[in-house]
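Trainee: Structure of the sequence below:
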Amino acid sequence: MVVSRSIASNGHTFGLAALIAAMSIGAASAQEAADTPAPPAAMPEITFTSWTGPYMRSQMLGFVRPYEAESKSKVNVAHYNGGISEIRDQVESANVIWDVVDLTQADSLRACKEGLLEDISDIELPDGVDGTPFREDFVEGALNDCGVGVIVWGTAYAYKNSQFADTPPSTIADFFDTETYPGARAIRNDPTVIMEWALMADGVPREEVYATLETDEGVERALKKMEDIRPGLQIWETGREPVRLLNAGDVAMSSIWATTGATAAQEEGADFTVNMDGRVIELDLFGIPKGSQNKDAAIEFIRYASSSNALADMVGYLPNGPTRKSSMALLSDDVLQRIPNGPAYEDNLYILSDADWWANNHARLEEAFQTWASATARRGAAGSTR
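Mentor: This is a model prediction of the structure:
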């Protein structure tokens, strides 16, 4: 009996000790869990809409995929060819399916003025990687009430090497000179750039281009100069179309997005060169369509994508210029030599697009341009039936 009591007593003691030990471990684990920061909650899915082709690829690799990995959230990606009509349709029908859109600076201002974008003027963005306050870090025009800057980019023109091997064109006036430089031309389906070019080729000083386009006579002057390139004219919509048109020999010259063109010109089998004279420099900005159901998540995405490192990473895949000054220091010398706002292009051979002017005048010139372009299409169709 004494032995039995001893065993029972020892068993009871052992069970009590185990219980106390387990309680102690549990308490320690609970304390450790309390001291460990909880992982950030995944943000809601958003839809990011941008331009397709190499530019979208640079964004996917530069910040979309990294953002998904870090935030544990999903970014659905859509593409469009610019303009604000699709945003207007979504907002007016109360069927907003885009959360962040990549817009030209002029379109950003137009959409903001029309009330099609959320006001994010109070957004707090990360300061520059070098400590520069973010409002001082972005280039001029890259922040407005409804937008946050992404890239500095340019539109230039390219010519077919095999067609002009001995005497290549060198000025923007040569783009319109089909006698000296024969062959079909291609331009983007938009009045921007081509109307500035037409006036510059017609002798209007760069600093007087927008004042001239302000008048009906100036618009007519631009359209009259554009008649020089009407025969065989091709109209393009997406960034890679000029590359295909030039390489296939369908056109002798084409307007082209400068960085897309410069990169494609290095591809095997390419037969064109990009000329930077008369290039038009613009900005792209992020905006949030009015009525987005994921505004908070959209803002978090913009914060991430517009940071110094994200913009530098994007530019590494396609050499557009970053809109943050602090991002420039993160770029290699090779990339710096290729971006539109880099040291290699610190010249007076460009025109800085007046985004405010285009925001106020785009609709008027779009109507004039489309009337002119539709006449081109009608003439082409008539010619194909003969």
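Trainee: would residue 254 count as being in a strand?
Mentor: Yes: with DSSP: H, G, I helix; E, B strand; the rest coil as the criterion, residue 254 is part of a strand.
Trainee: Quick check: bridge partners of it?
Mentor: On the basis of DSSP bridges, residue 254 takes part in beta bridges with residue 158, residue 186.
Trainee: State the distance from it to residue 62.
Mentor: Per CB to CB, to the nearest Å, residue 254 is found 27 Å from residue 62. Quick note: C-beta positions are derived from backbone N, CA and C, even for glycine.
Trainee: Kindly report the same for residue 70.
Mentor: For residue 70, the distance to residue 62 - CB to CB - is 13 Å.
Trainee: try residue 236
Mentor: Using CB to CB, we find residue 236 at a distance of 25 Å from residue 62.
Trainee: Same check on residue 91?
Mentor: 28 Å.
Trainee: for residue 222, same thing?
Mentor: 36 Å.
Trainee: got the domain boundaries for this protein?
Mentor: Using automatic domain parsing, the domain parsing of the chain gives 46-152+283-346, 153-281+351-385.
Trainee: and the closest residue to residue 353 other than its chain neighbours, how many residues sit next to it?
Mentor: Setting aside the residues directly before and after it, residue 353 is nearest to residue 282 in space (CB to CB, 6 or more residues apart in numbering), at 4.5 Å. Residue 282 has 23 neighbours, counted by other CB atoms under 10 Å.
Trainee: What of residue 170?
Mentor: Applying other CB under 10 Å, I find that residue 170 has 10 neighbouring residues.
Trainee: can you check residue 107 too?
Mentor: As a burial measure, residue 107 scores 26 neighbours (other CB under 10 Å).
Trainee: I figured it was touching residue 84, is that so?
Mentor: Yes: counting by CB atoms under 8 Å, residue 84 is a contact partner of residue 107 at 5.2 Å.
Trainee: who does the lengthiest strand in the chain touch, helix- and strand-wise?
Mentor: Among the segments of the chain that qualify as a strand by DSSP state E, the longest is strand 272-287. Strand 272-287 is packed against strand 100-104, helix 105-113, strand 147-160, helix 172-176, helix 194-201, helix 241-248, helix 258-264, strand 350-352, with contacts defined by 3 or more CB pairs under 8 Å, 6 or more residues apart in numbering; DSSP states H and E.
Trainee: just the strands in this protein please.
Mentor: Going by DSSP E, the chain shows strands at 46-50, 75-79, 100-104, 143-144, 147-160, 185-188, 234-236, 253-257, 272-287, 321-322, 350-352.
Trainee: ok, back up a step: give me the more crowded residue out of residue 254 and residue 62.
Mentor: Ranked by neighbour count (other CB under 10 Å), residue 254 and residue 62 place residue 254 first, with 27 against 21.
Trainee: Surely the more buried one and residue 185 touch.
Mentor: Yes: between residue 254 and residue 185 a contact is recorded at 6.6 Å, counting by CB under 8 Å.
Trainee: what do the two both touch?
Mentor: In terms of CB atoms under 8 Å, 6 or more residues apart in numbering, residue 254 and residue 185 are both contacted by the residues residue 234.
Trainee: returning to that earlier point: what residues are bridge-paired with the residue nearest to residue 353?
Mentor: Following DSSP bridges, residue 282 is listed with bridge partners residue 153.
Trainee: and it, what does it touch?
Mentor: Going by CB under 8 Å, 6+ apart, residue 282 touches 104, 105, 106, 152, 153, 154, 155, 353, 355.
Trainee: quick one: the last one and residue 204, what's the gap?
Mentor: Taken as CB to CB, the spacing of residue 355 relative to residue 204 amounts to 20 Å.
Trainee: Flag the helix or strand of this protein with the lowest per-element mean pLDDT.
Mentor: Sorted by mean pLDDT, DSSP states H and E, the helices and strands of the chain end with helix 2-35, the least confident at a mean of 46.
Trainee: what would the domains of the chain look like in CSV with mean pLDDT?
Mentor: Output for the domains of the chain, formatted as CSV (pLDDT from 0 to 100):
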stretch, mean pLDDT
domain 46-152+283-346, 96
domain 153-281+351-385, 93
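Trainee: my guess is residue 234 meets residue 249, correct?
Mentor: No: if you go by CB under 8 Å, residue 234 and residue 249 don't touch, sitting 11.9 Å apart.
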